[in-house]
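Undergrad: Sequence below, structure please.
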Amino acid sequence: MNEMILKFPAKSENEVFARNAVAAFVLPLNPSLSELSDVKTAVSEAVTNSIVHGYRDSEGWVTLVCRTDGARLEVEVIDEGGGIEDIEQAIEPFFTTRPEEERSGMGFTIMQTFMTDFSVKSERGAGTKVKMSKLFAGAADAG
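TA: The predicted structure is shown next:
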């Protein structure tokens, strides 16, 4: 097993850093370009949600935890922001709490679609943790 923990300010410019850090971390699992793109997109969505919705233009931190175990990548994106009032509603396609910013409301749907497993835990006023994992087909071939 391998593990990486990153903590960075909840600023939009750090979304690219997060996705590229996860991409580099997962390379030993020998992902296909499609699998790598899926992971990068899911991480981007989770980090962007933390920044835009978790902190709502206030300052804070995002913690990104990645673990590899065999052919599996586990990712946690954690914020200590405002939390989600209704998780069931939040994960519905096209639901957004920020329509004025022309948000698509597809972030959680994208995460669920691109990753093998997905879950969200949140507490109002205490933050949100998104957990995702992906099983890589080519990892068995990795040396």
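
Undergrad: In this protein, mark out all the strands, start to finish.
TA: Secondary structure of the chain, counting by DSSP state E: strands at 2-9, 61-69, 72-79, 117-123, 127-135.

Undergrad: correct me, but Thr128 touches Glu85?
TA: No: in this structure, Thr128 is not within contact of Glu85 by C-beta atoms under 8 Å, at 10.9 Å. The C-beta positions use only the backbone N, C-alpha and C, and glycine is treated the same way.

Undergrad: Compare neighbour counts for those two and give me the winner.
TA: Thr128 (24 against 10; other C-beta atoms under 10 Å).

Undergrad: Now do the same for the residue lying closest to that one once chain neighbours are set aside: its pLDDT.
TA: Distances taken as C-beta to C-beta, 6 or more residues apart in numbering place Ser122 nearest to Thr128, at 4.1 Å, with adjacent residues excluded. pLDDT recorded at Ser122 is 95.

Undergrad: What of Ala24?
TA: On the pLDDT scale, Ala24 gets 97.

Undergrad: quick one: least confident helix or strand in this structure?
TA: In the chain, the helix or strand scored least confidently by mean pLDDT, DSSP states H and E is helix 87-90, which has a mean of 82.

Undergrad: what helices or strands is that one leaning on?
TA: strand 117-123 (3 or more C-beta pairs under 8 Å, 6 or more residues apart in numbering; DSSP states H and E).

Undergrad: surely the residue nearest to Thr128 meets Ile91?
TA: No: distance between Ser122 and Ile91: 10.7 Å, which falls outside the contact criterion (C-beta under 8 Å).

Undergrad: What is the neighbour count of Leu6?
TA: Residues near Leu6, counting by other C-beta under 10 Å: 15.
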